[in-house]
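>>> below are the sequence and a predicted model; questions follow.
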Amino acid sequence: MADAPTISPGEKGVRPRRELKGDLGDVPLAVILQAVKERHLTGSLFFRRGADEVTVEVANGEVVFAHSTDPATRLGEWLLMRGAISVSQYEESVRRLRESGKRQGTILLEMGCIPPLELERAVRQQVADIIMDLFSWSTGEYRFSPKETSDEAITLDLSISEVIIKGIGRVRNWPLIQRGLQPFTEVLQINRAFDLTEARRVRLSREEDSVLQLVDGKRSIEQIAAASPFRAYATYRTLYAFKAAHVLVRAQPPGR
């Protein structure tokens, strides 16, 4: 797997700037997110690919919000496409948004279009979808800008590990998976250092859980794929996701 992005050291005597930047063609998104998590960073991750721009807000290494320039990912359009609000409600919310400058979610609450708890769940899923879609980007610039706190009140109920696992679950990029797992003769084991509290927050699908159960510290990657009841590509992708999220690591030789 690619090395974690570097943090610029700054000048002598000056506190280092905790800034990550580069290209997704060189560093996979999972590596970037893992670096944010491990360094407990707070600030904004900016991604740009052509006219598309995505901003991911993080606090203490966890995702709290995200927004995109893609109109289809905006809250109003997202709710409309899923039948949560009507066309007339959407159009009225847009009119009020232009007049007041308030957030569309706030306006929809004021209009009584959606209950608060339902809105909160919708925002969380919308944010998750925005980040998951980033995993389909094979190229694009990224940059981290530090700041002390996030302005967003609604936090995303997903750990970085779950973001990585679920995001890679959407990937259709065999070369990326192949590079992340080779050699296929490598034996994997559960990472004993993986935070059990965080592990309980990672909601695994039946397929993900079944593949994880095959990891015993004795089977190689190719042997796990052969024993899996799922298609080889899906199994390899799941193993890559677990490895990228540091749930799985290379097995240590006996006696170590």
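Cool, got the structure.

>>> shouldn't residue 143 be within a strand?
Yes. Counting by DSSP: H, G, I helix; E, B strand; the rest coil, one finds residue 143 located in a strand.

>>> can you tell me the closest non-neighbouring residue to it?
residue 21 (4.2 Å; Cβ to Cβ, 6 or more residues apart in numbering). For every residue, glycine as well, the C-beta is placed using N, CA and C.

>>> how about the strands in the protein?
Remark: strands assigned in the chain by DSSP state E are 21-23, 43-49, 52-59, 62-68, 141-146, 188-190, 248-250.

>>> for those strands, which has the smallest mean pLDDT value?
Among these, strand 62-68 carries the lowest mean pLDDT, a mean of 87.

>>> tell me the strands beside that one, with direction?
If you go by DSSP bridges, strand 62-68 pairs up with strand 52-59 (antiparallel).

>>> need the contact partners of the partner strand.
Applying Cβ atoms under 8 Å, 6 or more residues apart in numbering, the external contacts of strand 52-59 come out as 36, 41-48, 63-70, 130-131, 133-134, 140, 149-152, 155.

>>> single out the most deeply packed of the strands of the chain.
Ranked by mean neighbour count under mean count of other Cβ atoms under 10 Å, these are led by strand 62-68, which reaches a mean of 22.

>>> let me know the angle separating that one from strand 43-49.
If you take axes from the mean of the first three to the mean of the last three Cα atoms, to 10 degrees, strand 62-68 sits at 40 degrees to strand 43-49.

>>> how about residue 215: what's its closest non-neighbour residue?
For residue 215, ignoring the flanking residues on the chain, the nearest one in space by Cβ to Cβ, 6+ apart is residue 188 at 5.4 Å.

>>> before we move on, what about residue 33?
Distances taken as Cβ to Cβ, 6+ apart place residue 160 nearest to residue 33, at 5.3 Å, with adjacent residues excluded.
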